[in-house]
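*Asks:* Fold the following, please.
(2 chains)
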Protein chains: 2
Amino acid sequence: MSSSRLAPHSSGNAPGGKTQSAEIICVGTELLLGEILNSNAQFLAQELAKLGIPHFFQTVVGDNPLRLKQAIAIACHRSSLLIFTGGLGPTPDDLTTETIADFFETPLVEHEDIWAAIEQRFTARGLTLSANNRKQAQLPQGAAVLPNPVGTAPGMIWQPRPGLTFLTFPGVPRELYPMWENTAIPFLKEQGWGKTQIYSRSLRFWGISESTLAEKVDAFLKLDSPTVAPYAGQGEARLRLSVKAASEAEAREQLDPIQAQIQALCGLDYYGTDQDSLASVVGKLLQARGETVAVAESCTGGGLGQKLTDVVGSSRYFWGGVIAYDNQVKRQVLQVETEVLNTQGAVSAAVAEQMAIGVKNLLGTTWGLSITGIAGPGGGSEEKPIGLVYVGLAGPHGLSHREYKMSDRGRDWVRGVSASAALDLLRRSLL
Amino acid sequence: MSSSRLAPHSSGNAPGGKTQSAEIICVGTELLLGEILNSNAQFLAQELAKLGIPHFFQTVVGDNPLRLKQAIAIACHRSSLLIFTGGLGPTPDDLTTETIADFFETPLVEHEDIWAAIEQRFTARGLTLSANNRKQAQLPQGAAVLPNPVGTAPGMIWQPRPGLTFLTFPGVPRELYPMWENTAIPFLKEQGWGKTQIYSRSLRFWGISESTLAEKVDAFLKLDSPTVAPYAGQGEARLRLSVKAASEAEAREQLDPIQAQIQALCGLDYYGTDQDSLASVVGKLLQARGETVAVAESCTGGGLGQKLTDVVGSSRYFWGGVIAYDNQVKRQVLQVETEVLNTQGAVSAAVAEQMAIGVKNLLGTTWGLSITGIAGPGGGSEEKPIGLVYVGLAGPHGLSHREYKMSDRGRDWVRGVSASAALDLLRRSLL
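*Replies:* Numbering: from 1, shown residues only, chains lettered A, B, ... in the order given. Below is the predicted model:
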């Protein structure tokens, strides 16, 4: 290996010697103790796949310099691009940077600009710098800073010898993501990777199971290109369409007609693509009509409002709502009739509808959307089991509701799916 | 290594040569493509930690026999217990078993009992056996079956040479779990593991940065046993205390005094342990006093209510609240004065306090807790930047508020930390 440029178009398949491929090395004793899921490895794996960078091994190793050196030695031997996560923090057991430097017998040098940025960040937050923070400003001689826009720990880009590149990232996902996006991808593309990328889009469905969806689009699942694969989200089904292409325009040309055919097959069960959420789709529909919505929540306790306000700009159509966890709040603030509460129970279609009209009247919105249900783990009965949820909707044309009998997959699941089910009821009413 | 018995009480720390430790090897191209999260590695890591089996490396490798052999060679050299997941299915790219056999130049033999079980399972479900299924009945000569009660693919227990043990499992978690529980744990205990287990607990802090906390408890970070290590959560700092012990009682004896000393050092910044959340701690305090709380949320849009109702049994002290996203809701439902909104702005200490007292009065609770802030990405100004958040509290003894100037780490982060900051204000007021 004499060139310092990565060679992305080699097959990456030579079985014996070293290949032009990446290896992900996640450093952290918390991974070895099973305290956290290794979502960084999945993220990086997806990103490498998109860029068409072969990647044959992932290694997890603890915060131990000797074993980390063993892992580096093995990875240098079989991979040309080593991507590290973890061990860049300010504490004494964060030792990824110094161990890499030590492995190559290279001294650490302090970067004034990093140190200044750390100082500034601490001062702005009124925090006191500790001596530990100093080491976050040190990188091996010859390494370039891989800037961290959201945290104190920057990463590095380093080619300790020709044909071998190291990238390091903190273990915190929300720091890793922008660093990858802003700096690593441009760097890798400049190095010649990513000329033919895999372009994917995810079609999202509500109100149809993964298996029924798979049956419905069976013919597409057999395509060689684009490939179509079903998978499941929280209470929803998805299809991933993927194609290898030289440009986004070329990818679009191949994906658009397939998507159009699938949408035609699936009707209203299809609700959006990629970053769309039920909340963002509902938001667009409301904005297009100049209408507004308020929520009344019992078992979700604020989760529906939170989903609606996850969407940037939601203040244009979401005015607010009432969390009516206690029945007294349903009565006094939402004007739910005591008689109905007593005879039908708080988890009933009638109460859902009264909550919806109650919040619509109180806030003066076009729509009132409500949820009442049994999220568990307690509170279920034979007649009204855990997972029984009513969603109510009050709108310009009157009242409606939906009854859901979900399987009990835990409190979080029931609450999350209930909020989505409410959004879906509003979505279908807006279409 | 001449004994065929694993030696769990060795230190497992000898850096150079082979140690008495386990290694997890997950086989599957879907992991390298990032299609699935490696939850099996986390599960096995947790189980090994509980059994006190040292575990220093995890490897992920694709469905490729040559690279799988490379991984086996490396793992045999540094670990004595190799735990595989994946590659046991009936398709041609499932080749974990035959690759392991091939590595040790050992022939595969068919197990009549496995084959009979596969046949029976297929007949019972009315399915037709394919030729591919036959290979699932084959194991290396000398290997014992590791029965799979819920799927067709059994695993194996094999000691290809003294001091080296292989366990294989399918990649499907719901097949792995019972196989581990029913067969692997008893086998490992019989081998002498699990007599000394690792017990960990996580101390949780709010209102102190990870680096300041690390400095404060510096002396503890140097302990050999129990070990104390800092790490970070969303806006919060944590310390992990771990100790090797023969029983939970013995572990407690060692961990309790350390925890007590750390708590004494950190005062009110310590809020809970392990599964405690700010919401659950607040809930316990409210219940102990027989008091209730209601929330008034602007920028969090329901997220504070959701956090409170994440806690099972929260209906005993959480009555509900008002999501006052729009200023009209602040005025009309929460009685925030128009004058104050106009002069101070919606994001101000005065509005936070009026929201808190407004919801306390409306719902008739002991406490009213409010949030108003700028979550971004839009809406920030020089005077009121993104991350400026006011938390208000109305209680039996009057009104208070806190001002937070968070760094802008994204809308989700600002909203999540705001909700936690509000809970923390209430917690400190209850103590």
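*Asks:* Only C-alpha atoms from now on, for both contacts and neighbour counts.
*Replies:* Noted.
*Asks:* Can I get stretch A:220-239 as CSV, trimmed to CA atoms?
*Replies:* The C-alpha coordinates for stretch A:220-239 follow below in CSV (Å, rounded to 0.1, in the frame of the first residue of the first chain):
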residue,chain,number,x,y,z
PHE,A,220,-42.4,-5.9,-5.8
LEU,A,221,-40.6,-7.9,-3.1
LYS,A,222,-39.1,-10.0,-5.9
LEU,A,223,-37.5,-7.2,-7.8
ASP,A,224,-33.8,-7.2,-8.2
SER,A,225,-33.5,-3.4,-8.6
PRO,A,226,-34.8,-1.4,-7.0
THR,A,227,-35.1,-3.8,-4.0
VAL,A,228,-38.3,-3.6,-1.9
ALA,A,229,-38.2,-4.9,1.7
PRO,A,230,-40.8,-4.7,4.4
TYR,A,231,-40.1,-3.9,8.0
ALA,A,232,-41.9,-2.8,11.1
GLY,A,233,-41.9,0.4,13.1
GLN,A,234,-43.8,1.1,16.3
GLY,A,235,-47.3,-0.1,15.4
GLU,A,236,-46.7,0.7,11.8
ALA,A,237,-45.5,-1.1,8.6
ARG,A,238,-42.8,0.2,6.3
LEU,A,239,-41.3,-0.6,3.0
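*Asks:* Just the mean pLDDT for that stretch, thanks.
*Replies:* Stretch A:220-239 shows a mean pLDDT of 86.
*Asks:* again with stretch A:268-281
*Replies:* Mean per-residue pLDDT for stretch A:268-281: 96.
*Asks:* and the residue in the stretch 201-350 of chain A that chain B sits nearest to, what does it touch?
*Replies:* Sorted by distance to chain B under Cα to the nearest Cα, the residues of the stretch 201-350 of chain A start with residue A:302, at 3.8 Å. Taking Cα atoms under 8 Å, 6 or more residues apart in numbering or on different chains, we find residue A:302 in contact with A:323, B:301, B:302, B:303, B:304, B:305, B:306, B:323.
*Asks:* The one helix or strand the fifth one maps to: how far from the chain's middle?
*Replies:* Residue B:304 belongs to helix B:303-309 when elements are defined using DSSP states H and E. For helix B:303-309, the distance from its own C-alpha centre to the chain's C-alpha centre is 20 Å (Cα atoms, centre = their mean, to the nearest Å).
*Asks:* could you point out which element follows it?
*Replies:* Sequence order places strand B:318-324 as the next helix or strand after helix B:303-309, per DSSP H and E.
*Asks:* how about the helix or strand following that next one, does it get close to chain A?
*Replies:* Proceeding N to C from strand B:318-324, the next assigned helix or strand is helix B:327-332, under DSSP H and E. Yes. Shown here: helix B:327-332 in contact with chain A (Cα under 8 Å from any Cα of the partner chain) through residue B:329.
*Asks:* Can you name the residues of the stretch 101-250 of chain A that neighbour chain B?
*Replies:* Proximity of the stretch 101-250 of chain A to chain B, by Cα under 8 Å from any Cα, involves residues A:125, A:127, A:128, A:129, A:130, A:132, A:133, A:150.
*Asks:* The third one - how many residues pack around it?
*Replies:* Summarising burial for residue A:128: neighbours were counted as other Cα atoms under 10 Å in any protein chain shown, giving 12.
*Asks:* is it true that it touches residue A:120?
*Replies:* No. Look at residue A:128 against residue A:120 with Cα atoms under 8 Å: they stay out of range, at 10.8 Å.
*Asks:* does the residue of the stretch 101-250 of chain A found nearest chain B sit in a helix, a strand or a coil?
*Replies:* Closest to chain B within the stretch 101-250 of chain A is residue A:150: 5.9 Å, counting by Cα to the nearest Cα. Three-state call for residue A:150 (DSSP: H, G, I helix; E, B strand; the rest coil): coil.
*Asks:* quick one: it and residue B:305, what's the gap?
*Replies:* Using Cα to Cα, to the nearest Å, residue A:150 is found at 27 Å from residue B:305.
*Asks:* quick one: which of these two has more around it?
*Replies:* The neighbour comparison of residue A:150 against residue B:305 (other Cα under 10 Å) goes to residue B:305, with 31 against 18.
*Asks:* mind giving me the domain split of chain A?
*Replies:* What automatic domain parsing lists as the domains of chain A is A:22-190, A:197-273, A:278-430.
*Asks:* Out of those, which one sits most buried?
*Replies:* Stretch with highest mean neighbour count among the domains of chain A: domain A:278-430 (a mean of 22; mean count of other Cα atoms under 10 Å in any protein chain shown).
*Asks:* how much distance is there from it to the middle of the chain?
*Replies:* Chain-centre distance of domain A:278-430: 25 Å, with Cα atoms, centre = their mean.
*Asks:* where in the stretch 201-350 of chain A is pLDDT low?
*Replies:* Counting by pLDDT under 70, the stretch 201-350 of chain A contains no low-confidence residues.
*Asks:* hang on, isn't residue A:163 packed against residue A:79?
*Replies:* No. Between residue A:163 and residue A:79 there is no contact under Cα under 8 Å: 9.6 Å.
*Asks:* so what's the residue located most distally from the centre of chain A up against?
*Replies:* Ranking residues of chain A by C-alpha distance from their mean position (Cα atoms, centre = their mean) puts residue A:339 at the top, at 44.1 Å. Contact analysis of residue A:339 by Cα under 8 Å, 6+ apart lists nothing.
*Asks:* mind checking the backbone torsions on it?
*Replies:* With angles defined as degrees, to the nearest 10, residue A:339 sits at phi -50, psi -50.
*Asks:* go on, residue A:90?
*Replies:* Dihedral pair for residue A:90: phi -90, psi 0, per degrees, to the nearest 10.
*Asks:* Distance-wise, check it relative to residue A:131.
*Replies:* Relative to residue A:131, and taking Cα to Cα, residue A:90 is found at 9 Å.
*Asks:* Which residue comes closest to residue A:362 once chain neighbours are left out?
*Replies:* Nearest non-adjacent residue to residue A:362, counting by Cα to Cα, 6 or more residues apart in numbering or on different chains: residue A:334, 7.3 Å away.
*Asks:* you'd agree that neighbour is up against residue A:358?
*Replies:* Yes. Counting by Cα under 8 Å, residue A:334 touches residue A:358, with 4.5 Å between them.
*Asks:* Tabulate the residues of the stretch 101-250 of chain A next to chain B (JSON lines), appending pLDDT and secondary structure.
*Replies:* What follows is those, written out as JSON lines (pLDDT from 0 to 100; DSSP: H, G, I helix; E, B strand; the rest coil):
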{"residue": "A:125", "pLDDT": "72", "secondary structure": "coil"}
{"residue": "A:127", "pLDDT": "74", "secondary structure": "coil"}
{"residue": "A:128", "pLDDT": "77", "secondary structure": "coil"}
{"residue": "A:129", "pLDDT": "80", "secondary structure": "coil"}
{"residue": "A:130", "pLDDT": "77", "secondary structure": "coil"}
{"residue": "A:132", "pLDDT": "77", "secondary structure": "helix"}
{"residue": "A:133", "pLDDT": "82", "secondary structure": "helix"}
{"residue": "A:150", "pLDDT": "86", "secondary structure": "coil"}
